[in-house]
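Undergrad: Compute the structure for the input listed below.
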Amino acid sequence: MADAIIQARMGSTRLPGKVMMLIRGKPLLYYVINQMKHSTKLSKLIVATTEMEIDNKIVEYVSSLGFEVYRGASEDVLDRYYKCAKKYQFNVIVRVTSDCPLIDPGLIDKCVNTFEENDFDYLSNVNTTKDGRWVYDVCGFPLGFGVGVFNFDAVEKAWRYAKKPSE
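TA: Okay, the predicted model is just below:
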């Protein structure tokens, strides 16, 4: 089993507030959470947002649905993930972004199964290696179907050694 962290914030640079924009009367974030609820491999689902006042709307909404919210650094997603995973004592973490309303719960389950059946630190269906470096590549999946699975030790190691904002 795994636990999920959905990263969400109102301060998107390309489309501010998109996670709370209404689609058929419900915020975009509703659809992401609803899809993920159908995964059979997830024990807990946390929405990780920032401590900024603008994200209070996310906190209020997610809380009204009965889910927990973690608040952390606005400019450091890695720090937010690490501290959220540490607080909730997650061992295997599924990462999904809040702007993927069609995320496939079966794909999440398949990624978690593959992760559990192998000795991986990290698995993603939308990243590959080229010339020894990780690069974004949808690998045949439609945009919005990206799933990342990693263990706590990997995120802790990344958090400890990351130096640049891009890391």
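
Undergrad: The nearest residue to Trp159 once chain neighbours are set aside: what's it in contact with?
TA: Among residues not flanking Trp159 along the chain, Tyr82 sits closest, at 3.9 Å (Cβ to Cβ, 6 or more residues apart in numbering). Yep, even glycine has a C-beta here, placed from its N, CA and C like the rest. If you count contacts by Cβ atoms under 8 Å, 6 or more residues apart in numbering, Tyr82 has them with Val155, Glu156, Ala158, Trp159.

Undergrad: go on, Tyr61?
TA: Met20, Pro27, Leu29.

Undergrad: ok, longest helix in the chain?
TA: Longest helix of the chain, by residue count under DSSP state H: helix 105-117.

Undergrad: What is it packed up against?
TA: strand 2-7, helix 28-37, strand 92-97, strand 122-124, strand 148-151 (3 or more Cβ pairs under 8 Å, 6 or more residues apart in numbering; DSSP states H and E).

Undergrad: Tabulate those (JSON lines), appending distance to Val62 and mean pLDDT.
TA: Formatted as JSON lines, the helices and strands packed on helix 105-117 follow (distance: least, Cβ to Cβ, whole Å; pLDDT from 0 to 100):
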{"stretch": "strand 2-7", "distance to Val62": "9", "mean pLDDT": "97"}
{"stretch": "helix 28-37", "distance to Val62": "7", "mean pLDDT": "96"}
{"stretch": "strand 92-97", "distance to Val62": "14", "mean pLDDT": "96"}
{"stretch": "strand 122-124", "distance to Val62": "25", "mean pLDDT": "91"}
{"stretch": "strand 148-151", "distance to Val62": "20", "mean pLDDT": "96"}
